[in-house]
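Asker: quick check, what structure comes out for this input:
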Amino acid sequence: MNKIAIIGDTESTLGFLAVGFSVFPVENSEQAARTLVRLASEGYAIIYITEDLASEITDTISRYKDSPTPAVIMIPGKSGSRGVGMHNIKKSVERAIGADILFKD
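Answerer: Residues are numbered from 1 along each chain as shown. Okay, here's the model as predicted:
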């Protein structure tokens, strides 16, 4: 079975324990980057990270952009969505297909 983790502030992550995710609360972007690298090396297949933290560690996340695992997926944190995750989906679709078929601006 593939391992799934979530990285974020304590308030945003604790609820994921109930669904069986490995939860990694962090206090800052340095901890988030170190945790992401560690989890990737430990074979986690999917790593969710709150948008607030993800926006601060884009260089670390970009290391895994073209790798099949881990899939690093941004989710809203306690403060709500910043639109970062949706923006990344849009960019991925454009790169794969060559056109914006989802969100014609």
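Asker: which ones are touching the closest residue to Glu42 other than its chain neighbours?
Answerer: If you skip the residues right next to it in sequence, Glu42 has Lys3 as its closest partner in space, 7.6 Å away by Cβ to Cβ, 6 or more residues apart in numbering. Every C-beta, even on glycine, is put in place using the N, C-alpha and C of the backbone. Residues near Lys3 by Cβ atoms under 8 Å, 6 or more residues apart in numbering: Ser22, Glu42, Gly43, Tyr44, Ala45, Ile46.
Asker: and what of Ala40?
Answerer: Ala40 sits in contact with Ile47, Arg63, Tyr64, Thr69, Pro70, where contact means Cβ under 8 Å, 6+ apart.
Asker: kindly report the same for Val72.
Answerer: Applying Cβ under 8 Å, 6+ apart, we find Val72 in contact with Leu36, Ile47, Ile49, Ala54, Ile61, Tyr64, Lys65.
Asker: go again with 6 Å.
Answerer: With contact taken as Cβ atoms under 6 Å, 6 or more residues apart in numbering, Val72 is in contact with Ile47, Ile61, Tyr64.
Asker: now the strand or helix carrying it: average pLDDT?
Answerer: Following DSSP states H and E, one finds Val72 within strand 71-75. pLDDT averaged over strand 71-75 equals 89, rounded to a whole number.
Asker: now that strand: buried residues?
Answerer: Of the residues in strand 71-75, those with enough neighbours to count as buried (16 or more other Cβ atoms under 10 Å) are Val72, Met74, Ile75.
Asker: reformat those as CSV; add distance to Asn28.
Answerer: As requested, these are arranged in CSV below (distance: Cβ to Cβ, whole Å):
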residue, distance to Asn28
Val72, 18
Met74, 17
Ile75, 18
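Asker: circling back: bridged to the residue nearest to Glu42, which residues?
Answerer: With DSSP bridges as the criterion, the beta-bridge partners of Lys3 are Tyr44.
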